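K.L.:
model the following, please.
(chains A, B, C, D, E and F)
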There are 6 protein chains.
Amino acid sequence: MRIKVIVPVSTDMWNKMIKEQYEKYKDPDTEIDVINIKKGPESITSLYDDAWAALFTIKEAEKAEEEGYDGVIIYCMLDPALQAVKQALTIPAVGIAETSLHLAHQLGNRLAMIGPGPIGIDTNKNYATFGDEGRYGLPAPVSLREGAELEDQVLDIFKKMDEVKKGLLKAAKKAIEEDGADVILLDCGALVEPTEYLQKNLDVPVVSNSIPALKTLEMMIKLGLSQSKKAFPKPEKKKRLM
Amino acid sequence: MRIKVIVPVSTDMWNKMIKEQYEKYKDPDTEIDVINIKKGPESITSLYDDAWAALFTIKEAEKAEEEGYDGVIIYCMLDPALQAVKQALTIPAVGIAETSLHLAHQLGNRLAMIGPGPIGIDTNKNYATFGDEGRYGLPAPVSLREGAELEDQVLDIFKKMDEVKKGLLKAAKKAIEEDGADVILLDCGALVEPTEYLQKNLDVPVVSNSIPALKTLEMMIKLGLSQSKKAFPKPEKKKRLM
Amino acid sequence: MRIKVIVPVSTDMWNKMIKEQYEKYKDPDTEIDVINIKKGPESITSLYDDAWAALFTIKEAEKAEEEGYDGVIIYCMLDPALQAVKQALTIPAVGIAETSLHLAHQLGNRLAMIGPGPIGIDTNKNYATFGDEGRYGLPAPVSLREGAELEDQVLDIFKKMDEVKKGLLKAAKKAIEEDGADVILLDCGALVEPTEYLQKNLDVPVVSNSIPALKTLEMMIKLGLSQSKKAFPKPEKKKRLM
Amino acid sequence: MRIKVIVPVSTDMWNKMIKEQYEKYKDPDTEIDVINIKKGPESITSLYDDAWAALFTIKEAEKAEEEGYDGVIIYCMLDPALQAVKQALTIPAVGIAETSLHLAHQLGNRLAMIGPGPIGIDTNKNYATFGDEGRYGLPAPVSLREGAELEDQVLDIFKKMDEVKKGLLKAAKKAIEEDGADVILLDCGALVEPTEYLQKNLDVPVVSNSIPALKTLEMMIKLGLSQSKKAFPKPEKKKRLM
Amino acid sequence: MRIKVIVPVSTDMWNKMIKEQYEKYKDPDTEIDVINIKKGPESITSLYDDAWAALFTIKEAEKAEEEGYDGVIIYCMLDPALQAVKQALTIPAVGIAETSLHLAHQLGNRLAMIGPGPIGIDTNKNYATFGDEGRYGLPAPVSLREGAELEDQVLDIFKKMDEVKKGLLKAAKKAIEEDGADVILLDCGALVEPTEYLQKNLDVPVVSNSIPALKTLEMMIKLGLSQSKKAFPKPEKKKRLM
Amino acid sequence: MRIKVIVPVSTDMWNKMIKEQYEKYKDPDTEIDVINIKKGPESITSLYDDAWAALFTIKEAEKAEEEGYDGVIIYCMLDPALQAVKQALTIPAVGIAETSLHLAHQLGNRLAMIGPGPIGIDTNKNYATFGDEGRYGLPAPVSLREGAELEDQVLDIFKKMDEVKKGLLKAAKKAIEEDGADVILLDCGALVEPTEYLQKNLDVPVVSNSIPALKTLEMMIKLGLSQSKKAFPKPEKKKRLM
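P.N.:
Residues are numbered from 1 along each chain as shown, chains lettered A, B, ... in the order given. Down below sits the predicted model:
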C-alpha cells in the first residue's frame, strides 16, 4: 500500500515531521511519501491562501495517481482543493480536517477547535459561517478559540513552541469550562507536539488532527473503497491553461 | 491490543462469521473475541428489541472492561445501549452503525441505507424520525429502502441468501436512480456477504458496516483515545436490581 | 377511564405523592393507579440508569394493557423506554417529558430546563447533544441549568427540600436574565413542590412536568386516539429471554 | 371556567356546530360561548383573508378578557392574529392549529395535512414556505394534499359533504401510501364530520383539529398558566385609530 | 417608473424624511410618492401594532395598483402585511426589512440588528423566535441589542437624536466585540440619520435599512419581475366587510 | 462608477454578450469593462474547473482594485474564488450566483435551478450536498434539473441555442409541476437569451442570473458599502509563488 502525502505549502519544513509521525502509526505494509507543492503560499492562514494553493495541490494529486499511489492525503486543516481532487482522482483522497473531524465527533458531543492564531482568519471558510452550519455535514464546533498571537501563526510555531503549547492549553481549558466543550481538536496540521502536550494535561479527548487521515485512508484502501464518482464525477477533458 | 465484540442477541449463530471477517481485517497485534448476550431477543428488528437487549449488553460490556479488554464493539446496526455503555466504560466503546455511517459520509454526499426487511421497523429509531434529522449529528439518509420481505428478516438471511442479495441489489439500484443516492450502506450487521456482492455489481461505494467499527476502534486505542467522560460521565454508584 | 402510572425506579417512595397530585387534576371519571418497577435502578440520573430501567418498564406497560387499562404514563423526565412501549402497546402511552415539553412550547418561545443536580448527567441523552437539535422534534432549550448539588440529586430531594427550592429558583432567575428564557420546566418528576414554589416567585410560566401527561392522555383517550402503529409498529413475535 | 371561542369570519354559520362539539368534550364545570367577528372576510382561505381578519379578531379577544372570560380560543386553522392576541391578553389564548399540531406530533412522526381546497392557498403562510421549516417550531408536514376542488372550499363544505369526505379520504390514503405519512390532520376547522369519517376508515391516527384547543386551554387554566408575558409582552398604550 | 411608498402608521411625520432620502438614491426616471395609512397605530413597536396596521396597509397597496404605480414599498422593519400584499398585487411589492436583510447577508456572515428600544418587543415576531430560525429563510441574527430606552422608542427619536445615536453606537460596538457580529442593520426605518452616524464610526458595514427596498424594487421592475403568483396566489373574490 | 467584470474562463467568447447586456441595464454614470482570465479552463463545469480558475481570478481581481475600479463582478454561476477575492479586496466584490440567488428568494418560496447540462456536475459544490443545506445561508433549491445534454454544456450553447432553449423550458415546466417550484433561476451565466425565452413562456418569475450582480454592486457602491473586513479579513503579506 503506497500513500502520498501532499503538504499544500511551498516549503518543505514540515515534511520530515509528518513523515516521522506517519511512520509511527502506519500499518506494517504501508509506504509513505511526503512532498510539498513547489509553488503557492508558504503557509495557509486564510481563504485567500487556500485558493492560491488549489491548482498546485490538484497537480500534485494527479501526479500521485499517475505514479501508481493507492491513495492521497492533503495535509492542511483547510483541506484545500479536496473536493476538486476527489473529482480528479480515482484512488481515494482524504484531507486531515475531514477525517479528524469525523473521529472527534465519535468521541464527544461538543467540539472545540483551538488554533494557533486568530481563528477568524483560517477557519473562516469552514465553520460557523452561516448561523450554525458545520463542515462536511457535521455539527459546527461549539467553541472556536485561538491559543497564541504569533506574527505568522504557522511559520513561527517551532520557534515559540513553549509559548504556543501553553497558549493552546489555556484556550482549551476555557473552551471546556466556558463553552462546555467535551472534545478538543487543534486547528493546524503543524500542531503535532502540542496535541500530545494537551492530551497529557486535559481530561477530555484531544484528537490528533493528522493520524486519522492516515488510518482512514488505509481503511478505505483495504476495503476497496474510494470517493463516489457519482458524488465527485470525473471532470470532462477540455483545454485548461496553466 | 485485545478487543471484545458483543453481539447483542441471544443466539451465537453470527459469532463465527464475525470472528472470521474481523480476523481478516484486524491489525497483526490485535486479538479479537466475539461473544453474544445470553438473554434478550434472538434478533433485533425493532426499537422494542433494542430496549430489550440494552441491559444484557451493558452487563457484557462492563465485564469486558473488568477482563482487561482494550475496547468494545457492539455489533448491531441499531447500536443498542451504546450511549449507556459509553457512560459505563473507561475503555473505548464503538457501535457498527456510528462508525460505518461516519465512513460512508466521507465517501459520498447522499447516503442510501438498504435493509433486509421492512425499513419502517428497524430503522424507525434512528433515521428520518423527525423531518430531516439524521443520527449522530450526521445528515439523514436520502433513501431508506428494503431489499427483501423475509418473515424474520434477520434469522432467515442465511437460508435465503440468494434472494436476499438480489433483493438488496435491486433496492440499491432504485436508491441510486430514483433517490439520487451516491453511497450505499446495508442496514444489518448480518449482511456481510451481500455487501461484497453489491460492491461487485454497483459503481458507487458500498460501505462495509462491520469493518469500520474494528478499524476505528484500533485507531482510537493506538491514539490513546476513548469517549469523553465529560460527554459520557461515569454513572453514580447506587442500588440497581436485576 | 383507567390510567396506569409507571414509575420506572425500584422504590415506591414517589408513588403516594404522584397519586395525590393526579387525583387533584384528573377528570371525574378517571381512575388512577400508580406503581413502580420492582427491579432496575432506584433513581434515574444517567443514560445508564435509563437503559437499565428499560426492560422492566416495558414489562409493566405490557401488563397494564393486559389488565385492561385505557392508557399508560411513564413517570420520569427521561421518558425511559417510551418509544419501545409505544411499539408494544395498542393503548396510548405517554411520558411526562414529551407532554410537558409540548405544553411549555405553547406558552413561550425560549425554554429553560432546570434540574436538581448536574445537568450534564441526566439530560445528556436528550438535549443539546448535537448542536441545536432538541427532543421530539421540538427546539432545544435555550438554557440548561442545575439548581442544587445533591449527592444523589433525586433521592435527597425530600430531605433538603428548602435548599432545593431556593437553588432551583436561583437557577431559574439566571436562566431568565442571562439566557433570555421565557418559560421554565423543571427537569425531574420529583420536583412537584418546587414547581409550585417557583410559579409563585417568578413572572414567567413555570410548567408542571407531571400534569400535562395526565391531561394529554385523557384527551387522547376521549378522542379515541393512540400512537400511530405505522410510526410505532407492533414488534414481531420471537424468542426473547429474560 | 368560562371560555370564549372566537370564529374569525363574518358569518355565524359555524357557531352552532362548534358549540355542540365543544359541549360534548368540555369539562363539567366549563362554560363555552361561541361568537364570530362582525366584520372581515366571510371565510379565510388565504394570507390575505388572514390579515383582513386580524384587527377584528384582536378586538373580540380584548373584549373577552374585559368580560371576565378565563381563556380564549381562536377557531381557524390559520390561527389569525394569534401572536398579537397573546400579546394583548393576560388570560391564556390558544389557536386550533397550534394545539392540534402539538397533539398530532405526539402521536406520529410524519404528519400529513389534508385540506378541502387548493393547499397552496390557505397553508401558504405556515408550512413548507422556506425549505423544511415547520410552524411553531414543529417539523413541517411531510405531506400537504387537497381533498376537493370546491369553488369556495370552505363555504361549500356543508352542501357537498359527501364529495368532501370522499375526496379527503382519498387524499389521506395517498399521503399515507406515497408520502409515508403516519398521522393525519385536516387543515380546516369546519371539517369536524370528515374527521370522524376518516378516523373510521383509516388505521393511522386522524387528529381532531378543534378539540385539542379546548382541552389544552382547560389544562392551562387549571394549572394557572398563560402565555409568557416575556415572550408576548403587553403592547404599550398609544394612539391607534380604527 | 412610478413607485408608491406606504408608511404603515397613522402619522405623516416620517413622510418627508423618507421622500428626501429616496429622491437622493432613486434612478433618474423614477417617481416616488410617499403616503401613510390614515388609520391604525401611530407607531409599530409590537406584533400587536403590526396586526393592527395590516388591513389599512393592504387597502393602500391595492389602491396603488389601481392608480397605476409600478411597484410598492412597505416602509417598516416589521414588513406588516407584506405576504398578504404580495398575494393581493400583481405589481411587485417589497418591504424594507426583507430587502435590507438580503443585502446585509451579502456583506457579512454574522448579522447584528440594533433597535432603538427593547428588542424583545419589536423584533419578537421575526427573529430568534424558535431556536435558530431566521426570517425569509435567512440565518437568524447572531446578535439583537437595543440602543436606547425611549418611552416610545419610535416617536421620540427626533427629540433625542443625540442620545439615540450614541446608544446605538454603543450597542453596535458590543455586538461586534461580544457577539462577533461583522455586519450591522438598524431595526427601525426611522433610523436614517443614525445609520450614517454609525457608518462613520464603525469599521464593519452598516447597512441602510431603507435604500435596499428602493433599489431592489427598481431592479425588479427593470427586469420585468414581480412576486411569484404561484407562491403568492391572488385571493379569491368574496364578501369581506370593513 | 467603474466596474470590472471578470469572466473566469480562458476564452473571450462571452465578453461581448456580457458587455452588451450590462450596458442595457447599468446606471447612466456606470462604466463597464469586461475581461476574461488568460489562463485556466476554457469553461467551468465542475468543482475541478472551479479550483483551476481560482488563482487566475484572484489575480485579475487584485489588478482591478489597483487600476482604480470601484467594484468587481465575477461572472460565473459557481462564483469561483469569491470568498478569497472578498478577502483580498477592499472594494466590493460580488458573484452572479450569490446576487441572483438572493433576488430569486425575494420573489418566490421554492426555487428551481435549471442547468444546460448534467446538474450533478456543475452544481455539485453548492447545492444539496449535505441534506438540505443551501448556499450563502439561503434555502437549498427544491428542484435541480438539466435542460439539455450538450457535449460540453457551456461551449456548445450558441451552436444549439434552439435545442437548449426548448430543453430548458421543458425542464422548468417539470420543476414547476412535479417539484412545486415557484421561481426559476438558470444555472449558467451564458444563458441570457434562454432566460428571456423562458420568461415569455412561463408564468412564474424567471430571474436573470447576470443583472442582479450589476444592480447589487451599484447599490453597494452608492451606499458606500463593501464586504465586511471582519468577515473577510485582508490576507497577511507572505511569500506566495506563482
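K.L.:
burial count for residue A:160?
P.N.:
15 (other C-beta atoms under 10 Å in any protein chain shown). C-beta here means a position set from N, CA and C on the backbone, and glycine is covered the same way.
K.L.:
what does residue A:19 give?
P.N.:
14.
K.L.:
tell me which element it falls in.
P.N.:
Residue A:19 is located in helix A:15-25, with elements delineated by DSSP states H and E.
K.L.:
tell me the domain boundaries of chain A?
P.N.:
A:2-96+A:211-222, A:99-207 (automatic domain parsing).
K.L.:
span of the shortest one from start to end?
P.N.:
Domain A:2-96+A:211-222 stretches 12 Å from its first residue to its last (C-alpha to C-alpha, to the nearest Å).
K.L.:
quick one: is it near chain B?
P.N.:
Yes. Domain A:2-96+A:211-222 lies within reach of chain B by C-beta under 8 Å from any C-beta of the partner chain, at A:25, A:27-28, A:94, A:211-212, A:215-216, A:218-220, A:222.
K.L.:
for that domain, what is the distance to the chain centroid?
P.N.:
Centroid separation for domain A:2-96+A:211-222 versus its chain: 9 Å, with C-alpha atoms, centre = their mean, to the nearest Å.
K.L.:
between the residues of domain A:2-96+A:211-222 next to chain B, which is nearest chain C?
P.N.:
residue A:212 (19.5 Å; C-beta to the nearest C-beta).
K.L.:
tell me which helix or strand the closest one sits in.
P.N.:
helix A:211-222.
K.L.:
list the contacts for residue A:1?
P.N.:
A:27, A:29-31, A:70-71, A:218, A:221-222 (C-beta atoms under 8 Å, 6 or more residues apart in numbering or on different chains).
K.L.:
again but with residue A:7, I slipped
P.N.:
By C-beta under 8 Å, 6+ apart, the contact list for residue A:7 reads A:14-15, A:18, A:34-37, A:75-76, A:189.
K.L.:
just residue A:22 next, same as before
P.N.:
A:5, A:32, A:34, A:210-211, A:214 are the contacts of residue A:22 under C-beta under 8 Å, 6+ apart.
K.L.:
now do 6 Å
P.N.:
Residue A:22 is in contact with A:32, A:214, counting by C-beta atoms under 6 Å, 6 or more residues apart in numbering or on different chains.
K.L.:
need the helices for chain A, in chain order.
P.N.:
A:15-25, A:47-66, A:82-88, A:96-105, A:119-122, A:161-179, A:192-201, A:211-222 (DSSP state H).
K.L.:
that older thread, buried only: go through the contacts of residue A:7 for me.
P.N.:
A:14-15, A:18, A:34, A:36-37, A:75-76, A:189 (16 or more other C-beta atoms under 10 Å in any protein chain shown).
K.L.:
picking up where we left off before, next, the angle helix A:96-105 makes with the helix holding residue A:212.
P.N.:
Put simply, helix A:211-222 runs at 100 degrees to helix A:96-105, going by axes from the mean of the first three to the mean of the last three C-alpha atoms, to 10 degrees.
K.L.:
touching helix A:211-222 from outside, list them.
P.N.:
A:1, A:22, A:25, A:27, A:70-71, A:73, A:92, A:94, A:96, A:99-100, A:103, B:215, B:219, B:223.
K.L.:
give me the number of residues near the nearest residue to residue A:95 once chain neighbours are set aside?
P.N.:
Nearest residue to residue A:95, sequence neighbours excluded (C-beta to C-beta, 6 or more residues apart in numbering or on different chains): residue A:79, at 3.2 Å. Residues lying near residue A:79 (other C-beta under 10 Å) number 26.
K.L.:
so who does residue A:79 touch?
P.N.:
A:95, A:97-98.
K.L.:
can I get these in a markdown table with pLDDT and distance to residue B:235?
P.N.:
Below are the contacts of residue A:79 laid out as a markdown table (pLDDT from 0 to 100; distance: C-beta to C-beta, whole Å):
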| residue | pLDDT | distance to residue B:235 |
| --- | --- | --- |
| A:95 | 97 | 37 |
| A:97 | 94 | 34 |
| A:98 | 94 | 34 |
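K.L.:
next one: residue A:168, what pLDDT does it get?
P.N.:
The per-residue pLDDT reported for residue A:168 equals 93.
K.L.:
ok so, going back, by mean pLDDT, show me the worst of the domains of chain A.
P.N.:
Looking at the domains of chain A, the bottom one is domain A:99-207 with a mean of 82.
K.L.:
ok, that one near chain D or not?
P.N.:
No. Applying C-beta under 6 Å from any C-beta of the partner chain, one finds domain A:99-207 separated from chain D by no less than 13.1 Å.
K.L.:
start to end distance for that domain?
P.N.:
11 Å.
K.L.:
got the residues of chain A near chain F?
P.N.:
So chain A meets chain F at A:10, A:39, A:41-42, A:46-48, A:51-52, A:54-55, A:81, A:83-84, A:87-88, A:121, A:130, A:137, A:233, A:235, A:238-241 (C-beta under 6 Å from any C-beta).
K.L.:
nice, that's everything, thank you.
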